[in-house]
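Visitor: I would like the atomic coordinates for the input below:
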Amino acid sequence: MAGKFITFEGPEGAGKTTVLERLMKDLTEANSEIIFTREPGGILIAEKIRDVILNKDHIEMDPRTEALLYAAARRQHLVEKVIPEINKGSNVFCDRFIDSSLAYQGYARGLGIDEVLSINEFAINGIMPDLTFYFKIDPKIGLERIAVNSDREKNRLDLEDLSFHQKVQDGYQKVIERFQERIVIINAEQTIDQVVSDVKRVLKDYKLI
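Guide: Predicted coordinates for the structure are as follows:
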């Protein structure tokens, strides 16, 4: 029986990566059929593309180039890791997927959600998440969290101003309206313990843990 594909989305500083780290610690010992991965990245080729996309020195990168690089990394990650694991029966938990491209490049960069969706439909070839968690947080709070977190990977998107991140939030809202049947909204302004608890509750409801 095929596994499920669960994605975790949200603006910068929403805490989804921290939540995934907690889930990895809590769940992998009890369930060896859960795989954790991330985008862009997860496998060697996609990690190299990640280095190009998020490098703080690449401030001249064109938005269309950015969108295409994300789609390329996504494709390789899918065929090399996600799809094989799902076919083996594993549940794959992924930090970001197509919704990030729609919100960041499609809406916040002004390329158009439909245009970026078209690029990614070619890349994913029909593979969409079974369930998506959206970590909702005020962009200002998210950026404040980033500023005081010395352990967090700082990348090119962190150089954007507050107005860009507000557009990202607006973009996610458009995505949620379009794909509401698979997206569960989590209040990410709560304590990390409460957020983890809320995520686990939903996963149990869906019989994924």
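Visitor: just confirm His77 contacts Ile35, I think it does.
Guide: No. Judged on Cβ atoms under 8 Å, His77 makes no contact with Ile35 at a distance of 11.9 Å. (Glycine included, C-beta is placed from N, CA and C.)
Visitor: looking at these two, which has the bigger crowd around it?
Guide: In this view His77 and Ile35 are compared by other Cβ atoms under 10 Å, and His77 has more residues nearby, 26 against 21.
Visitor: give me the mean pLDDT for the host helix or strand of that one.
Guide: For His77, the host element (DSSP states H and E) is helix 63-77. Confidence over helix 63-77 (mean pLDDT, whole number) is 98.
Visitor: which is the next helix or strand following that helix?
Guide: Scanning forward in sequence from helix 63-77, with DSSP H and E defining helices and strands, the next element found is helix 83-87.
Visitor: can you give me the neighbour number for Ile83?
Guide: Around Ile83 there are 17 other residues, counting by other Cβ under 10 Å.
Visitor: for it, give me its contacts.
Guide: The contact partners of Ile83, by Cβ atoms under 8 Å, 6 or more residues apart in numbering, come to Ile127.
Visitor: what's the distance between it and Asp158?
Guide: Note on Ile83: its distance to Asp158, by Cβ to Cβ, to the nearest Å, is 31 Å.
Visitor: would you confirm that Ala71 contacts Ala123?
Guide: Yes. When contacts are counted by Cβ under 8 Å, Ala71 is listed as touching Ala123 (4.2 Å).
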